[in-house]
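Q: One predicted model, sequence on top.
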Amino acid sequence: QVQVVESGGGSVQAGGSLKLSCTASGLDFGTYTMGWFRQAPGKEREGVACISTNGGDTTYTDSVKGRFTISRDNAKNTLYLKPEDTAIYYCAAGFDGQWWQWEQEEKYKYWGQGTQVTVSS
């Protein structure tokens with residue numbers, strides 16, 4: 001049974017930092033491209049970032065480039081994200097597609113329950 005669990009959400013002042021973690025169990029973590037998605041208030045869920053199996057390649061949606069950082073530790077079966085915007089952040093695992101399809105939600109088999117990040121000014 002695959003379990004995907006996010007943690008690390010909370011409230012932070014603008015300019016502060018949070019580091020989200022996502023631990024995936026029940027799958028061969030290191031063989032899967034992994035992704036982060038988010039849903040901001042009043043908006044649809046969107047892809048935020050994606051990272052290749054060994055962490056060597058990353059990609060970000062344009063609005064977060066230069067501000068967010070995605071990373072992973074395969075020895076710990078854990079994915080990370082440093083976000084800076086208010087939203088519910090979701091970890092997506094079990095990617096089964098081409099790299100250019102990373103923003104397509106249907107290409108991910110497993111999802112976490114989401115963790116809330118609130119940034120206040």
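A: Perfect, I can see it now.

Q: Doesn't residue 50 lie inside a strand?
A: Yes - according to DSSP: H, G, I helix; E, B strand; the rest coil, residue 50 belongs to a strand.

Q: would you list every one of the strands in this protein?
A: Along the chain, the segments classed as strands by DSSP state E run 3-7, 10-13, 20-25, 34-39, 46-51, 58-60, 69-73, 78-82, 87-95, 108-111, 115-120.

Q: Any buried residues in the shortest one, and which?
A: Residues of strand 58-60 classed as buried: 59, 60 (neighbour count, 16 or more other C-beta atoms under 10 Å). Where you see a C-beta, it was placed from the backbone N, CA and C, and this is true even at glycine.

Q: next one: that strand to chain centre, how far?
A: 11 Å (C-alpha atoms, centre = their mean, to the nearest Å).

Q: Just checking: what are the partner strands of that strand?
A: Strand 58-60 has the following strand partners under DSSP bridges: strand 46-51 (antiparallel).

Q: Same question for the fourth one.
A: If you go by DSSP bridges, strand 34-39 pairs up with strand 46-51 (antiparallel), strand 87-95 (antiparallel).
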